[in-house]
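Undergrad: give me a model of this one.
(one chain, ligands or ions: 1)
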Amino acid sequence: MASAQLVTLSTGIHYLPGAVNVGVVGTGSGGCVLIDSGADKDHAKRILKACRAAHLEPVAIVNTHSHADHYGGNAYLQEALGIPAYSPIFEEAILRYPILEPITLWNGARPPVALQNKWLLAPASGTKILNEAGLREIAGVALELLDVSGHAHIQFAVRVRDVLFATDAVFGAVILQKYPLQFMVDVQHVREAIETVRSNKARVVVPGHGEPTGDVDNLCDANLAALERASSAVLIACGEAATLPEVLERVCAMLEVTITDLTRYVLNQTAVLAHLTDLEERGLVQLKLTRNRLLWTAV
Ligand SMILES: [Zn+2]
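TA: Numbers count the residues shown, from 1 in each chain. Predicted coordinates for the structure are as follows:
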């Protein structure tokens, strides 16, 4: 999985392939802006090495959202290079207080040690706030930030000339197959984010995870299909009144998902809750409190 070399996507625009893709945009004067910073310190070191091998020195980081695999390299790079990072409003609070992520996934309570791992908890990083989508110049590089929220509460994709770094608005085909229940917090916003990626008409789209592609329609269709498949499974799971753990268990059986650790369990649980909220808002399921049990039922 570890890659040592930048791959060029367009003139001055590169990425470092990996478990999470990192964008590298040249400033034209020997510097580069990183789109996300990798999962951890080791990943950050590989990014720095790859940039320097291409005679590019990182001068700023743009974090697309607050998931640890996208900002885990910030602390190392900021300390080593003294460079600024930028992240979306709201999300930046989690970069400053990373424990908020496992706390949120544990219903607000102090999370168990098993949830305080590098997948959910990266070192804290102070960042400048990106208040809204739109055109933005960072370190002399013209970027267009697109609102692709839904996978995270606020998430920005980054368009640079003919390349769109779509981050986790869309996943590559292999990732969709591996994780049939994609993580999301707002299902309707994810639907809209996929259409934002489609209508942006970039020549190349780089998903946060998976292979870059020029076949954007196909990528967007596959992501929408996966979303609606998960949504249908959640609706079917509510055919007989069920608690959240029961809905999750039924959905996993239908999508052939086997959960082997607590991190995956809480991530899948949140994804199912996001679908339940969406279905409830569309009038397709009902939530009822009966004898101290919260039950979801298809209408
Ligand atoms: Zn993410």
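Undergrad: the residue of the chain found nearest the ion - how many residues pack around it?
TA: Here the chain gets closest to the ion at one residue, residue 67, 3.5 Å apart by CB to the ion. Yep, even glycine has a C-beta here, placed from its N, CA and C like the rest. Residue 67 has 25 neighbours, counted by other CB atoms under 10 Å.
Undergrad: touching, it and residue 168? I think so.
TA: Yes: the criterion here is CB atoms under 8 Å, and residue 67 meets it with residue 168 at 7.2 Å.
Undergrad: shared neighbours of these two, anything?
TA: Among the neighbours of residue 67, those also in contact with residue 168 (CB atoms under 8 Å, 6 or more residues apart in numbering) are residue 152.
Undergrad: ok, what's across the strand from the residue nearest to residue 35 when sequence neighbours are not counted?
TA: What sits nearest to residue 35 in space, not counting adjacent residues and going by CB to CB, 6 or more residues apart in numbering, is residue 23, at 3.0 Å. Beta-bridge partners recorded for residue 23 (DSSP bridges): residue 15, residue 35.
Undergrad: I'd like the numbering to begin with 16 instead of 1 from here.
TA: Yep, numbering from 16; the last one is residue 38 now.
Undergrad: which residues in the stretch 66-215 of the chain form strands?
TA: For the stretch 66-215 of the chain, the strands defined by DSSP state E, counting those that start in this stretch occupy 72-77, 100-103, 143-145, 149-153, 156-162, 171-175, 178-182.
Undergrad: name the stretch among those that sits most buried.
TA: A comparison of these by mean neighbour count, using mean count of other CB atoms under 10 Å, puts strand 178-182 on top with a mean of 29.
Undergrad: what's the angle between that one and strand 72-77?
TA: Angular relation of strand 178-182 and strand 72-77 on a 0 to 180 degree scale: 60 degrees, by axes from the mean of the first three to the mean of the last three CA atoms, to 10 degrees.
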